[in-house]
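Enquirer: here's my sequence, what's the structure:
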Amino acid sequence: MTVLLRFAPSPTGALHLGGLRTALYNHLFAKKHGGQWILRIEDTDASRYVPGAVDGIRSALAWAGLSYDFGPGMNGPHGPYHQSERLDLYHSYARRLLESGHAYRCFCSPDKLATTRERLARAGSNSTYDKTCLHLTEGEVARRVRAGEKSIVRLNDDRLPPRILANDIVFGALRDAHASLPTDPVLLKSDLFPTYHLASVVDDHEMGISHVIRGEEWLPSLPLHLDLYSCLSLNPPQFAHLPILLNPDGSKMSKRKGDVAVLDFMKGEWEPEALINWLALAGWGQAARSPSDSTTNAPESTTILTLPELIAQFDLACLTQRRQVLEPAKLAYLNKHYLMRSWKNDQETLHHAHRIHDLMQTSLPSSPHTTPEYIARVIHVLQGRITNIKDVPSLAPYFFVRPDYATPEAQSMLKSLSNDDYHRALEAMTRRLVAEPDTCGVSGMASLVHAACDGTGLKQKVFMTALRHALTAMKTGPTIPETIDILGVERTVDRLKEAFSIRTT
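Expert: Below is the predicted model:
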């Protein structure tokens, strides 16, 4: 069987995390099984269309490293890939359903439909429509169509053929949920655009989709979709519905609430590999049994897995049915470790330095110390502390601008230091640097610092705290020799003298 999947977002706004995870799982499954996947734009609701949304979706997928095989900009045998360009196809299938008696035209106005729903509800009925138009004669229907009356096309749920049992790869055998469906669901709207239900069934068949991987929110619609396949005498694809993602507080993640747009993470300078890793393992939480009855364990939720590794290990049978909380702390953990991997490569470090350089043009525009080469040196001494590259200026601002001795943190560092000890430490270090200005490298600076400390008779902790305050005004950071090596002798001496004079006054 040819494996072909589709990711079919609506262009109603920015791509959100749930959508990206759906695209990711389609990508993983397709590539794991030697298949391909389509980006299909479901733009049949013109009232909700957002200009630029399609470009945003494509940009987010490209940033995440998910390259679709066919779709906008990647023409192939299944196009066109915008549903708004496939209306004739949906109309032909609607005619098939009308001609077979599995569907009928409804001429009821929106006001009449609303009144009918209210009447049925007051009567205690679960029906949402009273099938008034089902009983129109063929002649009456033809006359009203010729007269130009607006109509919709409804499925006739009184004439449904035998249907296969609903079964889902993730959720297993499903109970019959037809009772939860609206009465005679609408398939074609009065503007001649199809509803999602008709369009998705027609497109999945016409495009030859073998597997449909989509969000759990579509699970209640599965019986309707299977009915349509039966009415049209078509073989349905296999379905896998993905459990909904939740916010840390347990609420449903939605693009209408909070920062869940992929664009937010792009602007937030998160590593795309980390975000993909994070999303892939959200819900990948149980062991899978192979046909040979051997068990494959699912990876832990913070396992570092590259995209090729995810493809190799991906198994829909490992997905849990439980709704999953996306924990930001896990993304931070993964992001930090992806960065730590990249620091081992000088070219990648320089690439990140260029990114930080661009960020610092707005955060620290007055600093003359923001060349990519200089930033790469800063990255080297901060490596294990960096969770996100945008944090570099706030982690160690003293490498780029003068220390702020007025902060509460800087003031608290002085509580354990007497004026005399502070001055002795700074004077000794200044004399050493002035006497040996050509000292370079971390090891050379370490020897110089320890020699200066030994000459004062101060405890090492007191000596280092004094220097750290003078050079950084922050309690934590790289070692003092590393800090001096980055700053250079001239800037270090200037800071020591400035801090000495401030403490004197």
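Enquirer: ok, V462 touching D420?
Expert: No - taking contacts as C-beta atoms under 8 Å, V462 lies outside contact range of D420: 10.7 Å. Just so you know, the C-beta spots here come from the backbone N, C-alpha and C atoms, and that holds for glycine as well.
Enquirer: which one of these two has more residues nearby?
Expert: Taking neighbours as other C-beta atoms under 10 Å, V462 and D420 compare with V462 leading, 18 against 9.
Enquirer: so who does that one touch?
Expert: The contact partners of V462, by C-beta atoms under 8 Å, 6 or more residues apart in numbering, come to 416-417, 421, 425.
Enquirer: pretty sure it is in a helix, no?
Expert: Yes - counting by DSSP: H, G, I helix; E, B strand; the rest coil, V462 is part of a helix.
Enquirer: please renumber so the chain begins at 58
Expert: With 58 as the first residue, the last one maps to V519.
Enquirer: next SSE downstream of the helix or strand hosting V438?
Expert: V438 belongs to helix 429-439 when elements are defined using DSSP states H and E. Sequence-wise, the next helix or strand downstream of helix 429-439 (DSSP H and E) is helix 449-452.
Enquirer: neighbouring contacts of that following helix?
Expert: 413, 416-417, 420-421, 432, 435-436, 439, 442-443, 457, 534.
Enquirer: try stretch 240-252
Expert: 101-103, 140-141, 144, 147-148, 151, 154, 160-161, 163, 184-186, 188, 191, 207-214, 254-255, 259, 281, 285.
Enquirer: and stretch 427-447, how far out from the chain's middle?
Expert: 25 Å (C-alpha atoms, centre = their mean, to the nearest Å).
Enquirer: show residues contacting stretch 142-155.
Expert: 137, 160-162, 210, 212, 244-245, 249-251, 255-256, 259-260, 263, 288-289.
Enquirer: go with 7 Å
Expert: 137, 160-161, 210, 244-245, 249-251, 255-256, 259-260, 263, 288-289 (C-beta atoms under 7 Å, 6 or more residues apart in numbering).
Enquirer: now do the strands in the protein.
Expert: Counting by DSSP state E, the chain has strands at residues 61-64, 93-96, 160-163, 209-212, 224-225, 229-230, 243-245, 268-272, 295-299, 302-303, 345-346, 352-353, 381-382.
Enquirer: given the fourth one, what are its sheet partners and their directions?
Expert: Strand pairing for strand 209-212, determined by DSSP bridges: strand 160-163 (antiparallel), strand 243-245 (antiparallel).
Enquirer: mind listing the helices for the stretch 158-307 of the chain?
Expert: Here the stretch 158-307 of the chain has its helices, by DSSP state H, counting those that start in this stretch, at 167-179, 195-203, 253-263, 279-288.
Enquirer: tell me which of those lies nearest to A369.
Expert: Minimum separation from A369 across these (C-beta to C-beta) falls at helix 253-263, 27.1 Å.
Enquirer: what angle separates the closest one from strand 295-299?
Expert: For helix 253-263 against strand 295-299, the angle by axes from the mean of the first three to the mean of the last three C-alpha atoms, to 10 degrees is 130 degrees.
Enquirer: dump helix 253-263 to PDB, restricted to CA.
Expert: Below are the C-alpha coordinates for helix 253-263, written out as PDB (Å, rounded to 0.1, in the frame of the first residue of the first chain):
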ATOM      1  CA  TYR A 253     -15.600  20.300   6.300                       C
ATOM      2  CA  HIS A 254     -17.200  16.900   6.400                       C
ATOM      3  CA  LEU A 255     -17.900  16.600   2.700                       C
ATOM      4  CA  ALA A 256     -14.700  18.300   1.500                       C
ATOM      5  CA  SER A 257     -12.400  16.200   3.700                       C
ATOM      6  CA  VAL A 258     -14.000  12.900   2.700                       C
ATOM      7  CA  VAL A 259     -13.900  13.800  -1.000                       C
ATOM      8  CA  ASP A 260     -10.400  15.100  -0.900                       C
ATOM      9  CA  ASP A 261      -9.000  12.200   1.100                       C
ATOM     10  CA  HIS A 262     -10.500   9.800  -1.400                       C
ATOM     11  CA  GLU A 263      -9.500  11.800  -4.600                       C
END
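Enquirer: and it with helix 279-288, angle?
Expert: Using the same axes, to 10 degrees: helix 253-263 against helix 279-288 is 50 degrees.
Enquirer: what packs against helix 253-263?
Expert: helix 144-157, strand 243-245, helix 279-288 (3 or more C-beta pairs under 7 Å, 6 or more residues apart in numbering; DSSP states H and E).
Enquirer: what's the closest non-adjacent residue to P134?
Expert: F127 (7.7 Å; C-beta to C-beta, 6 or more residues apart in numbering).
Enquirer: so who does that neighbour touch?
Expert: So F127 contacts 93, 95, 133, 135, 138 (C-beta under 7 Å, 6+ apart).
Enquirer: and the fourth one, how far from D126?
Expert: If I follow you right, that is H135. 10 Å (C-beta to C-beta, to the nearest Å).
Enquirer: between these two, what contacts are shared?
Expert: With C-beta under 7 Å, 6+ apart as the test, H135 and D126 both reach I95.
Enquirer: and G441, what is it in contact with?
Expert: Here G441 is in contact with M397 (C-beta under 7 Å, 6+ apart).
Enquirer: now do it against A503, distance only.
Expert: G441 is 19 Å from A503, by C-beta to C-beta.
Enquirer: kindly report the same for S182.
Expert: S182 is 84 Å from A503, by C-beta to C-beta.
Enquirer: between these two, who's got more neighbours?
Expert: With neighbours defined as other C-beta under 10 Å, S182 and A503 compare such that A503 has more, 17 against 12.
Enquirer: just the pLDDT for the more buried one.
Expert: Model confidence at A503, given as pLDDT, is 95.
Enquirer: pretty sure it contacts I537?
Expert: No - look at A503 against I537 with C-beta atoms under 7 Å: they stay out of range, at 8.3 Å.
Enquirer: report the contact partners of T101.
Expert: So T101 contacts 140-141, 250-251, 256 (C-beta under 7 Å, 6+ apart).
Enquirer: can I get these in CSV with neighbour count?
Expert: Shown next, in CSV, are the contacts of T101 (neighbours: other C-beta atoms under 10 Å):
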residue, neighbour count
Q140, 24
S141, 16
F250, 17
P251, 26
A256, 25
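Enquirer: next, count neighbours for H268.
Expert: For H268, using other C-beta under 10 Å, the count is 22.
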